[in-house]
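A.B. asks: Predicted model and sequence follow; I will ask about them next.
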Amino acid sequence: METSLNTNAELFKQLSYIATDELYMKKALKYVKKLAMQKEREEHNCAGSKKSMSEYSEKEFMNGLSCACEEVKSYKKGELQLKTWEELRHEL
């Protein structure tokens, strides 16, 4: 808990430096939203497991599909940046 309090204090301290600059605050907000979506995907098992299609339950499949749709919506809103071909190839 102590570490979390220190991290929160440091975050707010750093935000106070840019609080008067709308452009920097928008950039910070966009990044925080991106992190929040990433955390939500990970919590809902959207991060992508290595299961074959036959191993997915209907619920897992629908959850994955829902997450994919949310990613598309976020991309269209400009809240999410897609990976390049080089980044995807490197992951493989």
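C.D. replies: Perfect, I can see it now. Since the model is a prediction, treat every value here as computed from it, not as a measurement.

A.B. asks: quick one: S57 from G64, how far?
C.D. replies: 11 Å (C-beta to C-beta, to the nearest Å). Backbone N, C-alpha and C define where each C-beta goes, glycine included.

A.B. asks: ugh, typo on my part, it should be T20
C.D. replies: For T20, the distance to G64 equals 42 Å [C-beta to C-beta].

A.B. asks: Would you mind telling me which of those two has the busier surroundings?
C.D. replies: G64 (19 against 8; other C-beta atoms under 10 Å).

A.B. asks: Remind me which helix or strand that one belongs to.
C.D. replies: Secondary structure from DSSP states H and E places G64 in helix 58-77.

A.B. asks: buried ones in that helix?
C.D. replies: 64, 67, 70-71 (16 or more other C-beta atoms under 10 Å).

A.B. asks: now do stretch 7-16
C.D. replies: For stretch 7-16, the neighbour count (16+ other C-beta under 10 Å) marks no residue as buried.

A.B. asks: same deal with stretch 23-34?
C.D. replies: Across stretch 23-34, burial judged by 16+ other C-beta under 10 Å covers A28.

A.B. asks: change the start of the numbering to 29 and stick with it
C.D. replies: Sure, I'll start counting at 29 from here, so that last one is stretch 51-62.

A.B. asks: which residues are contacting that stretch?
C.D. replies: The contact list for stretch 51-62, computed with C-beta atoms under 8 Å, 6 or more residues apart in numbering, reads 43, 46-47, 106-109.
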